[in-house]
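Q: give the three-dimensional model of this entry:
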Amino acid sequence: MDYNILQQKIVKIKESISPFIHETPLDYSYTFSQMIGSNIYLKMENLQKTGSFKVRGAFSKLMSLSSSEKEKGVIAVSAGNHAQGVAYASSVLGIKSIVVMPETAPISKYLATKGYGANVILYGKYLHESMQKAQEIIRDTGSILIHPYDDINVILGQGTLGVELYNQSPDYVVVPIGGGGLISGISIALKTKYKNTKIIGVQSYASSSLKISKDLGRLTEVEPSFSIADGILVKSPSKTTFEIINDLVDDIVLVDDDEISNAIVLLLERNKTLVEGAGAASLAALISGKIKIPYGKKVIPILSGGNIDLSLMTQIVDKMLYKTKRIVKIRVIVPDKPGYLNKVLTYITQIRGNIIDVIHDRISSDVPPGYTKIYVMFEISNIEMLSSFLYGLSKEGIEAKIID
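A: Residues are numbered from 1 along each chain as shown. Down below sits the predicted model:
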């Protein structure tokens with residue numbers, strides 16, 4: 001590939017799609033800079049129209065179609081961000097769109113895609129089944145398939161994000177990877193101008209196809225398992241994205257769901273920013289130390305999307321608060337008489353704990369007759385106060401166990 005020619009095309013595409021997309025902010029984070037030991041600038045693509053970078057590639061591809069192709073309409077297969085990007089771009093450009101989503105797609109993403117004007121068809125449990133349905137529709141209608149990453153026009157459209165970093169001279173750019181369209185486009189845009197800039201990709205352990213492909217030097221399929229980073233769970237990259245990544249990307253690292261969850265919660269709490277699992281993978285790799293960066297370098301993690309299901313967000317927040325002992329659950333077995341629960345709650349109050357839930361269990365096999373097992377869940381602002389809490393209960397003859 002002639003990457004210089006492709007870079008020039010990206011610049012032209014940026015000009016043509018600019019009226020329809022946001023140039024998303026680049027936000028310096030003091031918190032994450034101190035935490036990581038580098039100058040961290042968050043590229044806030046979660047604030048893009050439709051909530052992710054996908055709309056860039058959608059506009060790029062749709063605007064490249066001929067009049068006759070536009071007349072036939074377009075079709076996409078996606079459970080999330082690509083669906084919304086194609087639906088929105090098609091609506092803006094006046095092109096009829098069909099989006100086939102698996103029946104298991106989150107209702108929030110189904111409603112958003114429908115709200116952007118697409119004819120949404122729910123079919124199959126998995127994306128490959130949805131794709132089979134799309135192929136039937138293509139045979140019947142002649143609709144043009146808009147692939148999420150195996151299309152050079154889509155890749156170049158995603159690369160417009162890299163153009164927005166041209167005045168930054170970054171030392172490192174960290175990019176989440178699913179099928180590889182985003183990192184391929186960004187790499188073309190940046191490596192042709194800043195040859196010393198390191199481009200680092202991040203995948204989930206649940207879907208490491210590009211990491212393994214790059215390490216082996218050949219395209220390799222890996223069946224994804226479950227991850228909260230559903231936006232980057234891809235069985236195999238395309239030949240096109242693999243070639244670009246093999247040429248231009250410096251390294252690919254893997255993160256797990258706990259590391260991603262930690263990044264999501266820290267972004268929400270410290271940066272007041274809502275980011276989905278796939279979008280937080282880049283920062284997760286930095287916080288967890290998976291990417292070793294010399295002190296003081298300028299680093300830009302791409303927060304690629306913010307379309308997280310709110311019920312999942314609630315679970316993630318609760319889990320991380322529990323894991324970091326900001327929410328604590330204790331178990332005591334005490335005589336089933338008045339006053340014992342009050343003693344436990346009094347000591348929680350003394351350490352300024354905020355009680356969330358209380359559960360009694362009198363029938364389990366480990367509870368002696370005349371006793372009750374009590375579970376108490378409460379918030380605590382200072383984990384160091386737990387020791388004085390446990391000591392106070394022990395003086396009352398009550399043994400409390402913290403439930404991990």
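Q: what sits against V120?
A: Neighbouring residues of V120 by CB atoms under 8 Å, 6 or more residues apart in numbering: 83, 87, 98-101, 110, 113-114. In this view, the C-beta of every residue, glycine as well, is placed from N, C-alpha and C.
Q: can you add distance to K337 and give the residues you listed back as a markdown table?
A: Output for the contacts of V120, formatted as a markdown table (distance: CB to CB, whole Å):
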| residue | distance to K337 |
| --- | --- |
| A83 | 59 |
| A87 | 62 |
| I98 | 67 |
| V99 | 62 |
| V100 | 62 |
| M101 | 57 |
| Y110 | 53 |
| T113 | 58 |
| K114 | 58 |
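Q: for the helix or strand hosting L210, name the packing helices and strands.
A: Using DSSP states H and E, the element containing L210 is helix 209-216. Applying 3 or more CB pairs under 8 Å, 6 or more residues apart in numbering; DSSP states H and E, one finds that helix 209-216 contacts strand 198-204, helix 239-248, strand 251-255.
Q: okay, these, which one's buried deepest?
A: Comparing the helices and strands packed on helix 209-216 by mean neighbour count (mean count of other CB atoms under 10 Å), strand 198-204 ranks first with a mean of 26.
Q: stretch 75-92: which residues count as buried?
A: By neighbour count on 16 or more other CB atoms under 10 Å, the buried set for stretch 75-92 is 75-90, 92.
Q: next step: those restricted to helices.
A: 81-90, 92 (DSSP state H).
Q: now flag whichever of those residues is closest to I374.
A: Closest to I374 out of these is N81 (45.0 Å), distances taken as CB to CB.
Q: wait, the closest one sits on G231?
A: Yes - taking contacts as CB atoms under 8 Å, N81 lies within contact range of G231: 5.9 Å.
Q: hey, what's in contact with both of the two?
A: The contact lists of N81 and G231 share 52, 305, 307, where a contact means CB under 8 Å, 6+ apart.
Q: what would those look like in JSON lines with distance to A280?
A: Shown next, in JSON lines, are the shared contacts of N81 and G231 (distance: CB to CB, whole Å):
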{"residue": "S52", "distance to A280": "13"}
{"residue": "G305", "distance to A280": "9"}
{"residue": "N307", "distance to A280": "12"}
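Q: re the thing from before, out of the helices and strands packed on helix 209-216, nearest to M63?
A: It is, among the helices and strands packed on helix 209-216 and with distance given as CB to CB, helix 239-248, at 19.4 Å.
Q: which other residues reach the closest one?
A: By CB under 8 Å, 6+ apart, helix 239-248 touches 1, 3, 149-152, 155, 177, 179-181, 183-184, 187-188, 191, 199, 201, 210, 213-214, 217, 219, 237, 252.
Q: ranges for the strands of the chain?
A: In the chain, the strands defined using DSSP state E lie at 26-28, 39-44, 74-77, 97-101, 119-122, 144-145, 172-176, 198-204, 251-255, 298-303, 327-335, 354-361, 371-379, 400-402.
Q: which other helices and strands does the second one contact?
A: What that stands for is strand 39-44. For strand 39-44, the packing partners by 3+ CB pairs under 8 Å, 6+ apart are strand 26-28, helix 30-36, strand 298-303.
Q: adjacent strands (with direction) for the last one?
A: Here strand 298-303 has these sheet partners by DSSP bridges: strand 39-44 (parallel), strand 172-176 (parallel).
Q: one more: the first one?
A: The pairing partners recorded for strand 26-28 under DSSP bridges are strand 39-44 (antiparallel).
Q: what are the contacting residues of the strand it pairs with?
A: With CB under 8 Å, 6+ apart, strand 39-44 has contacts from 24-29, 32-33, 161, 164-165, 168, 170, 271, 273, 283, 286, 296-303.
Q: output the helices and strands packed on helix 209-216 in TSV; the columns should cover distance to E129 and mean pLDDT.
A: Shown next, in TSV, are the helices and strands packed on helix 209-216 (distance: least, CB to CB, whole Å; pLDDT from 0 to 100):
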stretch	distance to E129	mean pLDDT
strand 198-204	22	98
helix 239-248	23	96
strand 251-255	28	98
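Q: could I get those in CSV, plus columns for distance to V317?
A: Converted to CSV, the helices and strands packed on helix 209-216 look like this (distance: least, CB to CB, whole Å):
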stretch, distance to V317
strand 198-204, 20
helix 239-248, 33
strand 251-255, 19
